[in-house]
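Visitor: Fold the stuff below for me.
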Amino acid sequence: MMIDDDTLKQLLRINDELMQLCKWLTEKRDMETSSRLIPVVDDLTHILIEAGKTNCSDAAIQGILHHGRCAYSASV
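Guide: Model prediction:
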């Protein structure tokens, strides 16, 4: 799957917002909702990481992927 750099950046921003929502739901003890949302966000995160590895030339995106900013589920 080919995703241009701008689209990938936008998807990563959306993914980050979803991860923040997961964190907020967990902090609010809304376990029912967060337990349903976290696996979906985790799947999206892994897809975006793979897409970034295969066809991303933007150094900023590579930095985000390398530093694991998209790894919320691993920190929960």
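Visitor: Could you check this protein and say which of its helices or strands has the lowest average pLDDT?
Guide: Within the chain, no helix or strand scores below helix 72-75, which has a mean of 41 by mean pLDDT, DSSP states H and E.
Visitor: Return the list of helices and strands in contact with the helix or strand harbouring Leu21.
Guide: Using DSSP states H and E, Leu21 sits within helix 5-27. Under the contact criterion of 3 or more C-beta pairs under 8 Å, 6 or more residues apart in numbering; DSSP states H and E, helix 5-27 touches helix 31-55, helix 59-66, helix 72-75. (Glycine included, C-beta is placed from N, CA and C.)
Visitor: try it again with 6 Å
Guide: On a contact count with 3 or more C-beta pairs under 6 Å, 6 or more residues apart in numbering; DSSP states H and E, helix 5-27 meets helix 31-55.
Visitor: Average pLDDT for the helix it packs on, rounded please.
Guide: Taken as a whole, helix 31-55 has a mean pLDDT of 86.
Visitor: Begin at 741, not 1, for the rest of this chat.
Guide: Yes, from this point I'll number from 741; that puts the last item at helix 771-795.
Visitor: could you say what helices and strands it packs with?
Guide: Using 3+ C-beta pairs under 6 Å, 6+ apart, helix 771-795 sits against helix 745-767, helix 799-806.
Visitor: Out of these, which is closest to Asp783?
Guide: Taking C-beta to C-beta, helix 745-767 is the member of those nearest to Asp783, at 10.5 Å.
Visitor: tell me, how many neighbours does Leu761 end up with?
Guide: Leu761 has 16 neighbours, counted by other C-beta atoms under 10 Å.
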